[in-house]
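Undergrad: coordinates only, sequence not included:
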């Protein structure tokens, strides 16, 4: 009798833990579901945390020459994500701005929109520390992405809020790369 109960409880536990695990896997389907259900916590956890994944979800698939799955709704997802970041309890997700920008490359779609929203967020919320606290190598990559475009323009207000080493990186980017 105890063996049967034990096996039953073990099976039930395995079933429940498998279901819970699949619900927390980071994937595009869970991101869509959390967006539709406005499950804020799940959405924040499902939103891409690096550029490659961000572009795979929201950008243009260059190899297939077609839009990614969330291409048409990308701005809605990005707006929702930044709106959630505006809540004090979600401040811990701000570093994901930096992790998405790191190794980023400008494209004229959701990537450009994310770039715009990131710059606006940093400026409006006075979150320059997100960049000032980076080591120079990482800062160079992030700053390159933030200002990369067909017609890059220096932002004097943005630059004036960076520490001297980050201002030098901006100057070097505009003098040698852009």
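TA: All right, it came through fine. Here the structure is a predicted model, which is why all the values come from computation and not from measurement. Numbering: from 1, shown residues only.
Undergrad: for this structure, which spans come out with low pLDDT?
TA: For the chain, residues meeting the criterion pLDDT under 70 lie at 1-24.
Undergrad: Please, where are all the strands along it?
TA: Secondary structure of the chain (DSSP state E): strands at 60-61, 66-67.
Undergrad: In its sheet, which strands sit next to the last one, and in what direction?
TA: In the sheet containing strand 66-67, the strands it pairs with under DSSP bridges are strand 60-61 (antiparallel).
Undergrad: Other residues contacting the strand it pairs with?
TA: Contacts to strand 60-61, defined as C-beta atoms under 8 Å, 6 or more residues apart in numbering, come from residues 66-68, 71, 107, 109. (Glycine included, C-beta is placed from N, CA and C.)
Undergrad: and with 6 Å instead?
TA: With C-beta atoms under 6 Å, 6 or more residues apart in numbering as the test, strand 60-61 has contacts from 67-68, 109.
Undergrad: ok, of those residues, which one's closest to residue 78?
TA: residue 109 (10.9 Å; C-beta to C-beta).
Undergrad: Which residues are in contact with the closest one?
TA: Taking C-beta under 6 Å, 6+ apart, we find residue 109 in contact with 59-60.
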